[in-house]
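Asker: model the following, please.
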Amino acid sequence: MEKTITLIRHGKTPGNYEKRYIGITDEPLSVDGEKEIISRHYPECDIVFSSPLSRCIRTTELIYPEYKPVIIKELRETDFGIFEGKNYIELAETKEYIDWIESGGTTPFPNGESRDEASSRTMIGFEKLIKLSGDCKNISVVCHGGTIMAILSSLFEGDYYSYHVENGEGYTFELSSNGLYHGLRTRSFIR
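Answerer: Alright, predicted model coming up:
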């Protein structure tokens, strides 16, 4: 059975406006972030999945008020360790941040996750949602930027960071009956 999967990054939080590393911090949507989500048009779905963090759950409620999201804990954002809650300006002079930048973002966040660890965890969650979706043909997933980059760089060609997407935006792709993923396209969900 062919399925259409839409990955949607949650709406903006106060930390997003300040370019902060907001990973495992359970930060809510901002008022403007909620307004921006409401102003967009998202595809219909048969089932919706969400990260357990409140910014994703609230985004799901705004987009799909008729659905109770299925929470997949493995779809949470990366644990940014000691960078959590800080932005690049506050971190610019620290040795840990300089080392991480010089690694191309491939070394683990100090006291946090590595990109590979976060990607492996995310793909466990993605496999769960595919199984839980059963006969549903249109699947929406509200999650995080890092989660989306992990899924797409695991399923498609391209560098992890090439799949960066802004808040409230995302990607759609298909899962064919033979288990292949194809048809990746960027979505801005503008009315």
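
Asker: mind listing the strands for this structure?
Answerer: Counting by DSSP state E, residue ranges of the strands within the chain are 3-9, 47-50, 70-71, 138-143, 170-175, 181-187.

Asker: centroid-nearest residue for the chain?
Answerer: Averaging the C-alpha coordinates of the chain gives a centre point, and the residue nearest to it by CA atoms, centre = their mean is H144 (2.3 Å).

Asker: chain neighbours aside, what residue packs nearest to that residue?
Answerer: Taking CB to CB, 6 or more residues apart in numbering, and ignoring the residues beside it in sequence, H144 has E77 as its nearest neighbour in space, at 3.8 Å. In short, each C-beta sits where N, CA and C put it, glycine included.

Asker: in terms of contact, does the one you found touch T147 like I think?
Answerer: Yes. The pair E77 and T147 qualifies as a contact (CB atoms under 8 Å) at a distance of 6.4 Å.

Asker: those two: which is more packed in?
Answerer: Set side by side, E77 and T147 show more neighbours around T147, with 28 against 25, by other CB atoms under 10 Å.

Asker: who wins for proximity to L129 among the strands of the chain?
Answerer: The closest of the strands of the chain to L129 is strand 47-50. By CB to CB, the value is 4.6 Å.

Asker: run the chain-centre distance for stretch 81-93.
Answerer: Distance, stretch centre to chain centre, for stretch 81-93: 20 Å (CA atoms, centre = their mean, to the nearest Å).

Asker: ditto for stretch 139-159
Answerer: With CA atoms, centre = their mean as the basis, the distance from the averaged C-alpha position of stretch 139-159 to the chain average is 7 Å.

Asker: what do E77 and T147 both touch?
Answerer: Contact criterion CB atoms under 8 Å, 6 or more residues apart in numbering; residues shared by E77 and T147: S51.
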